[in-house]
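Peer 1: here's a sequence, model it:
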Amino acid sequence: MSILVPIILVLAVAYFIEFVRKHRSPGVQLSAAQRVILSKYAIHYQRLPAAEQRRVEAVVSAFLHRKEWMGAGMPVAEEMKVMIAACAAQLLFPFPDLELVHFQRIIVYPDTYRSPRSGRMHQGEVRPQAGVIVISWDDFVHGYAHSRDAHNVGLHEMAHALWFENLIRNDEHEFLEPRLLAQWKALATREVAKIKAREPHYFRDYAGTNQAEFFAVAVEYFFEQPRVFREALPEVYHALVGLLRQDPAEVA
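Peer 2: Residues are numbered from 1 along each chain as shown. Next comes the predicted model:
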């Protein structure tokens, strides 16, 4: 058999996968009740123009219908699903087709829980190897009820999932523009060094843990204190504007 045959088959399969990815159906539209939940509770959704609201709705719909939702000792109500999906959409709506496909399961605890991995009490976590996002519902609600304190477990964990999705080789990897990501990492290295050296710094100390935690903490500040963040660390702020393709300081 000619060596061209398997090569052609491989190319045909690759073309088919890419075609399906680019032309997949937009998914099930949100119900009227689900839109009411978004309109009532998702402040970031309320502030967006209609075209961007529709993009948020598309991400929410994808999360609702394409993720596996599990409650840890509790049922996961529709309102919980919509709000957690809306949190993901807060980061993802500027990225066409990005659904964090590696993370197929979302586990919701009623409140702070003991992580089986670390043995410590957690408000949430991301488990890249298992493709799991874990959220404490009580802490999630608290994060959005106190929307200016830059402590939001939902945004923190979704930022982790986005960070790792960019690294995992699948149809979605490397969606963060490499030049901007390199710039971000250089700035993050500088700020992490300040935190570790106990020099004056803007973010809370936990941001100095590593690059992934710095990014997740920065995302919390980005959405909850955008104008203060921009004034305190303009280079870092504008680098994140570029990476996430949005500027919450202009709509806050």
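Peer 1: residue contacts, Val217?
Peer 2: Ala150, His156, Phe203, Arg204, Tyr206, Ala207 (CB atoms under 8 Å, 6 or more residues apart in numbering). For every residue, glycine as well, the C-beta is placed using N, CA and C.
Peer 1: which residue is nearest the centroid of the chain?
Peer 2: For the chain, the residue nearest the mean C-alpha position is Met158 (3.1 Å; CA atoms, centre = their mean).
Peer 1: what helices or strands is the helix or strand that it is a member of leaning on?
Peer 2: Using DSSP states H and E, Met158 maps to helix 153-167. Contacts defined by 3 or more CB pairs under 8 Å, 6 or more residues apart in numbering; DSSP states H and E place helix 153-167 against helix 78-92, strand 124-127, strand 132-136, helix 137-145, helix 211-224.
Peer 1: mind checking which of these is nearest Val101?
Peer 2: Across the helices and strands packed on helix 153-167, the minimum distance to Val101, taken as CB to CB, is reached by helix 78-92, at 11.4 Å.
Peer 1: how long is stretch 60-72 from one end to the other?
Peer 2: One end of stretch 60-72 sits 22 Å from the other (CA to CA, to the nearest Å).
Peer 1: ditto for stretch 121-129
Peer 2: End to end - CA to CA - stretch 121-129 spans 20 Å.
Peer 1: neighbouring contacts of it?
Peer 2: 102-103, 112-115, 117, 132-136, 139-140, 153-154, 156-157, 160-161, 164, 168.
Peer 1: kindly report the same for stretch 134-148.
Peer 2: 41, 43, 74, 80, 83-84, 87, 106-113, 115, 122-127, 151-155, 157, 224-225.
Peer 1: what's the spacing between the residue nearest to Arg204 when sequence neighbours are not counted and His151?
Peer 2: Excluding the flanking residues, the one nearest Arg204 by CB to CB, 6 or more residues apart in numbering is Val217, at 6.5 Å. Using CB to CB, to the nearest Å, Val217 is found at 9 Å from His151.
Peer 1: what do you get for Asp139?
Peer 2: The gap separating Asp139 from His151 is 9 Å, by CB to CB.
Peer 1: for Pro96, same thing?
Peer 2: Pro96 is 30 Å from His151, where distance means CB to CB.
Peer 1: show me what Ser136 is bridged to.
Peer 2: Ser136 has these beta-bridge partners by DSSP bridges: Tyr109.
Peer 1: neighbours around it, how many?
Peer 2: 24 (other CB atoms under 10 Å).
Peer 1: check what pLDDT it gets.
Peer 2: Ser136 carries a pLDDT value of 98.
Peer 1: okay, how far is it across stretch 61-81, tip to tip?
Peer 2: End-to-end span of stretch 61-81 (CA to CA): 10 Å.
Peer 1: swap that for stretch 66-82, please
Peer 2: For stretch 66-82, the end-to-end distance is 13 Å (CA to CA).
Peer 1: hang on, the earlier thing: who has more neighbours, Pro96 and His151?
Peer 2: Using other CB under 10 Å, the more surrounded residue of Pro96 and His151 is His151, with 18 against 10.
Peer 1: give me the three-state assignment for that one.
Peer 2: In three-state terms, and counting by DSSP: H, G, I helix; E, B strand; the rest coil, His151 is coil.
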